[in-house]
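Engineer: what shape does this take:
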Amino acid sequence: MNNLAVRLLFAAVAIPVALFCIWFNDISRIFLMCFLGGIGAWEWAKMVGKMYKGPDMRYLSLASAVAFMLAWVFSKGGFFGCAAVPAVMGPTAVFILGIYIAIGFAKVDIASLFPWLVLHLGAPLYLGLWGGASILLLGSGQGFEHCYAFLLVLLSMWICDSVAYFFGKFAAGKGPFGRHAFAPSISPKKTWEGSVAGTITTIAFVAYFAPGALASFNVQITLPVGIALGFLIAAAGQAGDLLMSALKRWSGTKDSGTIFVGHGGVLDRFDSFFLAAPTLYLVLDFLQKIS
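Structural biologist: Residues are numbered from 1 along each chain as shown. Below is the predicted model:
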């Protein structure tokens, strides 16, 4: 079976499973997000471990990212019918930071202690603390209508990545379009032309669907606001893509993992989402507070 057939077969199974988890209930949604965040942190720690000698941090990285995500769940409240617990995030952060510092001081040579500590802490902080805020785009209860904001980001990232890839590959450099490398030292195949095309398409998609998808946030999404949100989502998603590409290139890694057969790892497939989704939530939270 060739690689394309493997990719299509896996996607035909994985996409319905993911959509079922999003649709079904609180537990399945939170399980899906903890799974993605935890495995992403595992992949991150594996790449850092290739560059700096020290103890295997993959298991702790996974557990720490999941702990941050669950802290978001309980700090928001509403999931499982629980009340909000606002003070849960601080102790979680202090506990995780303390464990990493203790392990670093005890097990890592002083010459590489600080870069080792910062880079390993990046996994739970980026995927659990920052990326975990994406859970707050999810609502409680069965049905996709509780998850429209979450799905808006997922679809936006798929559209942006797809348009940027196909435009950059097949249109850039032909006819009136030039071909200018976007970030040649990080991802040589990306072009400014593809990036602009993906951004424009994403802006149009978000501006059209955001008023309905974001209704639960009680924010008035006018056309200018929708355009601004579309731009922010596209820019954040592409920045997240480049961030993970830089991490992989720095560590000499082609694919972050193999958990998605034929597609790579979590950080290959959800690199855009983990920066874009929390960005959208924070902007919506800000707009709520000033409205």
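
Engineer: mind listing what the lengthiest strand in the chain pairs with, with the direction of each?
Structural biologist: Looking across the chain with DSSP state E, the single longest strand is strand 187-191. In the sheet containing strand 187-191, its partner strands are strand 181-183 (antiparallel), by DSSP bridges.

Engineer: off-centre distance for the strand it pairs with?
Structural biologist: Mean-position distance between strand 181-183 and its chain equals 21 Å (Cα atoms, centre = their mean, to the nearest Å).

Engineer: what of stretch 69-85?
Structural biologist: On the basis of Cα atoms, centre = their mean, stretch 69-85 is displaced by 20 Å from the centre of the chain it belongs to.

Engineer: same check, this time on stretch 258-277
Structural biologist: Counting by Cα atoms, centre = their mean, stretch 258-277 comes out at 8 Å from the chain centroid.

Engineer: please apply the same query to stretch 147-154.
Structural biologist: Centroid separation for stretch 147-154 versus its chain: 13 Å, with Cα atoms, centre = their mean.

Engineer: between the two ends of stretch 261-277, how far is it?
Structural biologist: End-to-end distance for stretch 261-277: 24 Å, by Cα to Cα, to the nearest Å.

Engineer: list the buried residues in it.
Structural biologist: 262-277 (16 or more other Cβ atoms under 10 Å). No exception for glycine: its C-beta is placed from N, CA and C like everyone else's.

Engineer: before we move on, back to that, packing partners for the helix or strand just after the longest strand of the chain?
Structural biologist: Downstream of strand 187-191, the next assigned helix or strand under DSSP states H and E is helix 192-213. In terms of contacts (3 or more Cβ pairs under 8 Å, 6 or more residues apart in numbering; DSSP states H and E), helix 192-213 is packed against helix 148-170, strand 181-183, helix 223-251.

Engineer: nearest to Ala210, of those?
Structural biologist: The closest of the helices and strands packed on helix 192-213 to Ala210 is helix 223-251. By Cβ to Cβ, the value is 4.5 Å.

Engineer: show me the helices in the stretch 51-200 of the chain, by range?
Structural biologist: For the stretch 51-200 of the chain, applying DSSP state H, counting those that start in this stretch gives helices covering 58-76, 89-107, 113-123, 148-170, 192-213.

Engineer: could you find the closest non-adjacent residue to Ser162?
Structural biologist: Distance criterion Cβ to Cβ, 6 or more residues apart in numbering; nearest residue to Ser162, sequence neighbours excluded, is Gly198 at 7.8 Å.

Engineer: tell me if I'm right that the one you found and Phe166 touch.
Structural biologist: No: counting by Cβ atoms under 8 Å, Gly198 stays clear of Phe166, with 9.3 Å between them.

Engineer: compare those two (neighbour count), which wins?
Structural biologist: Using other Cβ atoms under 10 Å, the more surrounded residue of Gly198 and Phe166 is Gly198, with 26 against 13.

Engineer: state the pLDDT value of the more buried one.
Structural biologist: Per-residue pLDDT puts Gly198 at 94.

Engineer: quick one: residues contacting it.
Structural biologist: Listed by Cβ atoms under 8 Å, 6 or more residues apart in numbering, the contact set of Gly198 reads 159-164, 167, 234, 238.

Engineer: and the residue nearest to Ser162, how close does it get to Gln220?
Structural biologist: Distance, Gly198 to Gln220, by Cβ to Cβ, to the nearest Å: 27 Å.

Engineer: again with Ala71
Structural biologist: From Ala71 across to Gln220, the span is 31 Å (Cβ to Cβ).

Engineer: so the two - more neighbours on which side?
Structural biologist: Ala71 (22 against 10).

Engineer: right, I'll leave it there.
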